[in-house]
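J.: Output the structure for:
(2 chains)
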Amino acid sequence: MTTESTALTTEHSPVASLPHDAHGGISNVVLGMILFITSEVMFFAGLFAAYFSVRANATSWPPINPETNEAFHLAILPLVGPATVLLILSSFTCQFAIWAIRRGDRTAFLRNIGVTFVIGVVFLTMQVIDYALLASEGITLSAGTFGTTYYTLTGFHGAHVFAGVVMLGVVLYRGMAGQFSAKHHDAVEATSLYWHFVDVVWILLFSLLYLLPGKG
Amino acid sequence: MATTALHPAAPAYRSTLYDWVTTTDHKKIGIMYVINSFLFFFIGGLLALGVRVELAQPGLQFVTDQTYNEIFTMHATFMIFLFVIPMLAGFGNYIVPLQIGAPDMAFPRINALSLWMLPLAGILLLLSFVTGGAAAAGWTSYSPLAQDRVGQAVNAGAGTGQDLWIVALVLIGTSSILGAVNFLVTIFKMRAPGMTLFRMPIMTWTVLVTSVLVLMATPVITSALIMLFIDRNYGGAFFDPANGGDAILYQNIFWFYSHPAVYVMILPAMGMISEILPVFSRKPLFGYKAFVFATAGIGALGFSVWAHHMFTTGAVYLPFFSLMTFLIAIPTGVKMFNWIFTLWRGQLTLSTPLLFALGFLSMFLIGGINGAFSASVPVDFAIHDTYWVVSHIHYVLFGGSVFGIMGGLYYWFPKMTGRMLGEGLGKIQFVLMFIGFNLTFFPMHELGLSGMPRRIADYAATAGWNDLNLAATVGGFVIAASMLPLLWNIFVSLRSGKPAGDDPWEGNTLEWATSSPPPPYNFDRLPEIRSERPVFDVRHGQAQGGAVQLPAGH
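T.: Numbering: from 1, shown residues only, chains lettered A, B, ... in the order given. Down below sits the predicted model:
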């Protein structure tokens, strides 16, 4: 009897099958992801606060690049603008995937998740190329507050895109293995929430870094 | 019949090392949290003795200035980040699922991940002692003290120790955030039938509010640490005024986390004594809902007071932060009345858990009052960065949190192990700790008022601080001595302690409705939950024990 008892896990609990989670529709995984995203929002809030603080302290923004004696300049074309459009599109394809799997349409689900995944990879590639271009223009992480804030903010966003791509990859793999259905797809819902969050952060970052008028 | 096999008979303690290392059982994880935290408590305590030994007399007797800086920095780091915060998370891990009638946490594997990040971070911090010196810029690691920029003079923060410190803190923060997500989902989604939010035990409530604080505040310090890391290693300019950065910015972001963090360190301890006081007074907690709202109030206000650590920077709006800080006293005062009127006319049983809870009440009261002094801007300008502040932090963190943790340990040890801790040794420990604590930290009020700055390794023999410093050092050794009866008590109890039975204290909450220690799946059956004291209800005939039927097939 003793050995039998120790072998038991929570799944064998007589109370495990009781309606512990009968408090509403949201699943543990999705709630957990929403809470995690809350903490991510606070993380980016810290970085954004630093950006605003540094920018408010500066006499002019963008500041003067000491090496060229011209103000730093970030170009929307050729890379960042298209990358932004692509990332926003990927939120749509991600949502189409969700709607598809909720209907039980696995083909459309896989197609849309696949497109989202590819766009994520393309976005990261474009970001790397853009970094190389900027570095060649003298905008580096150590080039004063401008370079530091630019690379920290976009770099951590990029890291989150990478995490999202990994999650999409797992979802794609599991989806191709047929693990998701109209009823069981919590991982897809959670991943899509995360992907939307990453997208929203980018829209804010893009507005801040590329659209907000400078001062001085 | 299958039911017999389910009966909770096997103690969890017969498992092998492998089982413990790979476990996802919240009870084993909780116990490992507690053990890990105690290890770092003792390391942090030894470092504290180092501080006290150096300060016992004027002059530099034992360490250099640099070593002294490392010692007090690492003392605070271990005590805050690897003792108090994880210790409370550990108790929460063990107790919360039991108190809400759940079989485990919502995400057991993430729970194990949260645990194992902690010893890893601790090892990184310890390694810094042998890789060129530990972090030495204080646990706050202000810029420019913690900076290490190329071309500038070497200062306190130079060296890999500061970088290891940053990495370790990011790890601990991530562990806390994942733990908070886990607690919140567990509490919102895994409560047993009948366990409404306002029937939850107070300990669970405080863990809930604490988790919200961790979730919202900890990522902010992660951002500050990462910016500091970029400044130090990649030539960043966030906190470097010479390069357009802002040193005060670090303080703002740091305290935006670190003030809520003090509530992370006290709220669960308040929850613990709020479990202990009713049980040992034989009364329900006075003003349950008021306590819950006061807890939530402290949590909410906690986000609006961070700059009271920065009054003297001249860069913060003093009236606002002073007012908000004073406001914190209101919900805290509400709790004081909750506790006092719970004790009032109760049938007190002066067991060790209650003694520690009373120690918490009295010492935390002093810590609250001397904190209110610092909330007043003119007073704070006089006592800022003196030993008054050191005294305040220890009256709330040691007099508050540590006394609460000790009370909780004596209270829940029987549930965790199935054995009682000895009352005699417990009382010896309490008396020693209480005397040692006050002998150490009460004189620091006077030291602070007479102008002794914190974080100094040496002071003038003519400053008039000699006697009080010596008293504090003696007190420090008394505190250290009070740990010996505790360790002996645990050792003896595990070998041959009195069996506890399911419910040795006649408790109120669900953890006392299962065996000691509970089976891996926690409950055979749950009593009917009609109030915040379901086990009391069963004992006194107000509810059916085991009213929940086993599912078909068992």
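
J.: CA atoms for contacts and neighbours, from now on please.
T.: Will do.

J.: What are the boundaries of the helices in chain A?
T.: A:2-7, A:28-57, A:80-103, A:106-136, A:144-176, A:186-206 (DSSP state H).

J.: ok, B:F91 touching B:M32?
T.: No: with contacts counted by C-alpha atoms under 8 Å, B:F91 stays clear of B:M32, the gap being 10.1 Å.

J.: Please say which of these two ends up with more neighbours.
T.: B:F91 (25 against 20; other C-alpha atoms under 10 Å in any protein chain shown).

J.: What does the pLDDT read for that one?
T.: What the model reports for B:F91 is a pLDDT of 97.

J.: cool, and the one 5 residues further on?
T.: Model confidence at B:V96, given as pLDDT, is 97.

J.: Tell me which residue in the stretch 251-400 of chain B sits closest to chain A.
T.: B:I253 (6.7 Å; C-alpha to the nearest C-alpha).

J.: List the contacts of the residue nearest the centre of chain B.
T.: The structure's chain B has its C-alpha centroid closest to B:V84; by C-alpha atoms, centre = their mean the separation is 3.0 Å. Shown in contact with B:V84 (C-alpha atoms under 8 Å, 6 or more residues apart in numbering or on different chains): B:37, B:265, B:401-402.

J.: Torsion angles phi and psi at it?
T.: phi -70, psi -50 (degrees, to the nearest 10).

J.: Pull up the residues of the stretch 251-400 of chain B that are close to chain A.
T.: Within reach of chain A by C-alpha under 8 Å from any C-alpha of the partner chain, the stretch 251-400 of chain B has these residues: B:I253.

J.: now the helices for the stretch 251-400 of chain B?
T.: Secondary structure of the stretch 251-400 of chain B (DSSP state H, counting those that start in this stretch): helices at B:288-301, B:318-343, B:352-375, B:377-383, B:387-396.

J.: Quick one: neighbours of the residue nearest to B:Q61 when sequence neighbours are not counted, just the number.
T.: In space, and not counting its chain neighbours, B:Q61 is closest to B:E54: 6.4 Å by C-alpha to C-alpha, 6 or more residues apart in numbering or on different chains. When counting by other C-alpha under 10 Å, one arrives at 21 neighbours for B:E54.

J.: and which of the contacts of B:V84 is nearest chain A?
T.: Using C-alpha to the nearest C-alpha, the contacts of B:V84 come closest to chain A at B:M265, 18.9 Å.

J.: Once you drop chain neighbours, what's closest to that closest one?
T.: Counting by C-alpha to C-alpha, 6+ apart, B:I85 is the residue found nearest to B:M265 once chain neighbours are left out, at 5.6 Å.

J.: Other residues contacting the strand or helix carrying that neighbour?
T.: Per DSSP states H and E: B:I85 is located in helix B:85-99. The contact list for helix B:85-99 (C-alpha under 8 Å, 6+ apart) reads B:26-34, B:37-38, B:103-105, B:176, B:179, B:183, B:186-187, B:200-201, B:203-204, B:207, B:264-265, B:268-269, B:405, B:509-511, B:522.

J.: among the residues you listed, which ones are buried?
T.: B:26-34, B:37-38, B:103-105, B:176, B:179, B:183, B:186-187, B:200-201, B:203-204, B:207, B:264-265, B:268-269, B:405, B:509-511, B:522 (16 or more other C-alpha atoms under 10 Å in any protein chain shown).

J.: just how off-centre is stretch B:164-184 within its chain?
T.: Relative to its parent chain, stretch B:164-184 has a centroid offset of 14 Å by C-alpha atoms, centre = their mean, to the nearest Å.

J.: Please read the previous query as pertaining to stretch A:42-54.
T.: Average the C-alpha atoms of stretch A:42-54, do the same for its chain, and the two points are 17 Å apart (C-alpha atoms, centre = their mean).

J.: Kindly report the same for stretch B:118-133.
T.: The answer for stretch B:118-133 is 21 Å, by C-alpha atoms, centre = their mean.

J.: quick one: A:F180 and A:R174 touch, right?
T.: Yes: using C-alpha under 8 Å, A:F180 is in contact with A:R174, at 7.4 Å.

J.: Which one's more surrounded, the two?
T.: For A:F180 versus A:R174, neighbours defined as other C-alpha under 10 Å are more numerous around A:F180 (20 against 15).

J.: Correct me if wrong: B:P527 contacts B:F536.
T.: No: when contacts are counted by C-alpha under 8 Å, B:P527 is not listed as touching B:F536 (10.4 Å).

J.: where does the chain have low pLDDT?
T.: Let's take chain A. Within chain A, the stretches with pLDDT under 70 are A:1-24.

J.: other chain: chain B
T.: Low-confidence segments of chain B (pLDDT under 70): B:1-15, B:148-158, B:542-554.

J.: same thing but 50
T.: For chain B, applying pLDDT under 50 flags the ranges B:1-5, B:149-156, B:548-554.

J.: quick one: the strands in it?
T.: Counting by DSSP state E, chain B has no strands at all.

J.: Quick one: residues contacting A:A49.
T.: By C-alpha under 8 Å, 6+ apart, the contact list for A:A49 is empty.

J.: What distance do you get for it to B:A224?
T.: For A:A49, the distance to B:A224 (C-alpha to C-alpha, to the nearest Å) stands at 10 Å.

J.: residues touching B:L409, list them.
T.: Taking C-alpha under 8 Å, 6+ apart as the test, what B:L409 contacts is B:P353.

J.: just B:G101 next, same as before
T.: B:190-192, B:510-511, B:522-523, B:526.

J.: Tell me which two of those residues sit farthest apart.
T.: The most widely separated members of these are B:M190 and B:E511, with 14.9 Å between them, by C-alpha to C-alpha.

J.: TSV please, covering the helices of chain A and showing distance to A:E70.
T.: Shown next, in TSV, are the helices of chain A (distance: least, C-alpha to C-alpha, whole Å):
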stretch	distance to A:E70
helix A:2-7	70
helix A:28-57	17
helix A:80-103	21
helix A:106-136	14
helix A:144-176	13
helix A:186-206	22
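
J.: quick one, which of the ones you listed is nearest to B:T131?
T.: Among the helices of chain A, the nearest to B:T131 by C-alpha to C-alpha is helix A:144-176 (28.0 Å).

J.: Skipping adjacent residues, who's closest to A:L87 in space?
T.: Closest residue in space to A:L87, ignoring its immediate chain neighbours: A:D199 at 6.4 Å, by C-alpha to C-alpha, 6+ apart.

J.: pretty sure the one you found contacts A:S91?
T.: Yes: counting by C-alpha under 8 Å, A:D199 does reach A:S91; the two are 6.8 Å apart.

J.: Distance check, the closest residue to B:I71 other than its chain neighbours against chain A.
T.: Using C-alpha to C-alpha, 6+ apart and skipping the chain neighbours, the partner closest in space to B:I71 is B:L47 (5.7 Å). Distance, B:L47 to chain A, by C-alpha to the nearest C-alpha, to the nearest Å: 32 Å.

J.: Spit out the contact partners of B:L47.
T.: Residues near B:L47 by C-alpha under 8 Å, 6+ apart: B:71-72, B:74-75.

J.: Return the member of those residues nearest to chain A.
T.: Each of the contacts of B:L47 was scored against chain A by C-alpha to the nearest C-alpha, and B:M74 proved nearest at 25.2 Å.

J.: Thought B:T140 was touching that closest one, still the case?
T.: No: if you go by C-alpha under 8 Å, B:M74 and B:T140 don't touch, sitting 10.9 Å apart.

J.: Compare the two and say which is more crowded by neighbours.
T.: Higher neighbour count among B:M74 and B:T140: B:M74, with 27 against 16, using other C-alpha under 10 Å.

J.: number of nearby residues for residue 117?
T.: This is for chain A. As a burial measure, A:F117 scores 23 neighbours (other C-alpha under 10 Å).

J.: Wait, chain B was what I had in mind.
T.: B:M117, neighbours per other C-alpha under 10 Å, totals 17.
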